[in-house]
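S.K.: Quick one, structure for this:
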Amino acid sequence: MAKKSKEKTEIVFLVCSETGDRNYTIKKRTKGEKLELMKYSPRLRKHTKHTEKKK
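M.R.: A predicted model of the protein is given here:
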């Protein structure tokens, strides 16, 4: 069996910078930088910048 890592993860939302919608949820390690990704926004029907936001 595989060993479980001791690093904690948390649930993070990816929020659209243009509309403010929470379109994606991901599990992320607690240590690290804030994510900024180009993801698809269904409301705008195009790819926009999404930033990380906690609950």
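
S.K.: Need the residue closest to the centroid of this protein.
M.R.: residue 14 (3.6 Å; CA atoms, centre = their mean).

S.K.: Give me the helices and strands touching the helix or strand harbouring that residue, please.
M.R.: Counting by DSSP states H and E, the element that carries residue 14 is strand 9-16. If you count contacts as 3 or more CB pairs under 8 Å, 6 or more residues apart in numbering; DSSP states H and E, strand 9-16 packs onto strand 22-29, strand 36-41, strand 46-53. C-beta here means a position set from N, CA and C on the backbone, and glycine is covered the same way.

S.K.: quick one, that strand and strand 46-53 angle?
M.R.: Calculated by axes from the mean of the first three to the mean of the last three CA atoms, to 10 degrees, strand 9-16 forms an angle of 140 degrees with strand 46-53.

S.K.: Pairing partners for strand 9-16, with directions?
M.R.: strand 22-29 (antiparallel), strand 46-53 (antiparallel) (DSSP bridges).

S.K.: List the buried residues for stretch 12-23?
M.R.: In terms of neighbour count (16 or more other CB atoms under 10 Å), stretch 12-23 has its buried residues at 12-16, 21, 23.

S.K.: now do stretch 39-47
M.R.: residue 41.

S.K.: Verify the contact between residue 31 and residue 10 for me.
M.R.: No: using CB atoms under 8 Å, residue 31 makes no contact with residue 10, being 10.6 Å away.
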